[in-house]
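> I would like the atomic coordinates for the input below:
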Amino acid sequence: MLLAEFVHRPGVHCGSTALADALQVRGLGLSEAMAFGLGAGLGFYYLRSPALSPTFWIQGRHWPLEETACEVLGAPLRVCTSDDAVEAWAGVREALERGLAPILSTDLRFLPYWKTSTPFTGHRVVLAGYDEGRDVAWLGDTDRPELQGVPLADLERARASRGQPLGYTGRLWMEVDAPPRMPVWKDAVADALRRQARHMLLAQDGHSGISALERFSEELPTWPDAARDDSDRSWCFRFAYQSIEKRGTGGGNFRLLYARFLEEAGRYHPAVERFRLDSRMREIASSWTRLAKSFKDLSEGNGEDVPREVAALARDIARDERRLLEDIAARIS
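Residues are numbered from 1 along each chain as shown. Sure, this is the predicted structure:
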């Protein structure tokens, strides 16, 4: 079975591409950037533990993107989990039979086309169809121009994984439908922007949001000494580079994708253009890309010290993101 309505529009981000594809199937066409922005998609997570590989782990996407976007749009959403493999597979098959394109949470190391052994749970793909006779499921994923065929056993391993960073997600899948009426776009944009500012500014635990970004920028000079060994030290910087520039971020730690949302949002809400939110976010995205390049260089060298200018760049990014989000909180109504 393959959804006749499914048209995969490759983008640059796994989560928002899946959401945009799932909504497109149900008749609501959104750009990838708009789906990402309506989901208040910017996030920042910072984990530090000797049990991790690498010891330091950063990630720039807001995990509940799909739930947030559906709330903003008024779109029906059903989030499902199951510890039983048969039940979990039956659930997504039934969703397909109802004309939905379910979004699946996976560990990308078990999706053969990624060709990686690095665990990454929480990677979102959309299921477009399957053929049990041929033992294959077809997935829409990130910037890949074609649907990806994956053996059903591999898809089950990806859904059942207990890998980093999220651990076991219960074979989570989401069933998304289009909203019963078209949203008022100015109101939807304003709602999404306020949510974006709140979730980034209010978290004060040092693990998520701006507090995590500020903690990351302050602790960055300690990374070389805190790493377990030379291999881990190199991997810390290499993985940070990948998390910022690769792995479906679209470049600039998802900030470039969010800048595209802000540019589009300016058509609906005049304050977005008046306060130059899109151009300011593009500048922040550019800074993230420069930081990523420095991390790549550190991973390929001895990496024994973080240069002063690299640490200063990280602090500048934290400062600029805080100022932009505080402006959004104060000026968007």
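> For the lowest-mean-pLDDT helix or strand in the chain, enumerate the helices and strands it packs against.
Least confident helix or strand, the chain: helix 14-25 with a mean of 80, by mean pLDDT, DSSP states H and E. With contacts taken as 3 or more Cβ pairs under 8 Å, 6 or more residues apart in numbering; DSSP states H and E, helix 14-25 sits against helix 32-38, helix 65-73, strand 103-106, strand 123-131, strand 136-140, strand 173-176. C-betas here are computed from N, CA, C, even on glycine.
> out of those, nearest to Arg93?
Smallest distance to Arg93 across those (Cβ to Cβ): 7.2 Å, for strand 123-131.
> Format the CA atom coordinates belonging to that closest one as PDB.
Provided in PDB are the C-alpha atoms of strand 123-131 (Å, rounded to 0.1, in the frame of the first residue of the first chain):
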ATOM      1  CA  HIS A 123      14.600  11.100  14.400                       C
ATOM      2  CA  ARG A 124      11.300  11.700  12.700                       C
ATOM      3  CA  VAL A 125      10.300  10.200   9.400                       C
ATOM      4  CA  VAL A 126       6.900   9.900   7.600                       C
ATOM      5  CA  LEU A 127       5.600   6.600   6.500                       C
ATOM      6  CA  ALA A 128       4.200   6.800   3.000                       C
ATOM      7  CA  GLY A 129       3.500   3.100   2.400                       C
ATOM      8  CA  TYR A 130       4.600  -0.500   2.700                       C
ATOM      9  CA  ASP A 131       4.500  -3.800   0.900                       C
END
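> residues in contact with that strand?
1-3, 6, 8, 14-15, 17-19, 21-22, 66, 92-93, 96, 101-108, 111, 136-141, 147, 152, 173, 248 (Cβ atoms under 8 Å, 6 or more residues apart in numbering).
> If any of those are buried, put those into a PyMOL selection.
Entered in PyMOL, the line below selects the buried ones among these, by 16 or more other Cβ atoms under 10 Å:
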select buried, resi 3+6+8+14+15+17+18+19+21+22+66+92+96+101+102+103+104+105+106+107+108+111+136+137+138+139+140+141+147+173+248
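> Give the residue farthest from the middle of this structure.
Gly133 (33.1 Å; Cα atoms, centre = their mean).
> hmm, back to that, compare the helices and strands packed on helix 14-25 and give me the one nearest Glu321.
Checking the helices and strands packed on helix 14-25 against Glu321 by Cβ to Cβ gives helix 32-38 as the closest, at 15.4 Å.
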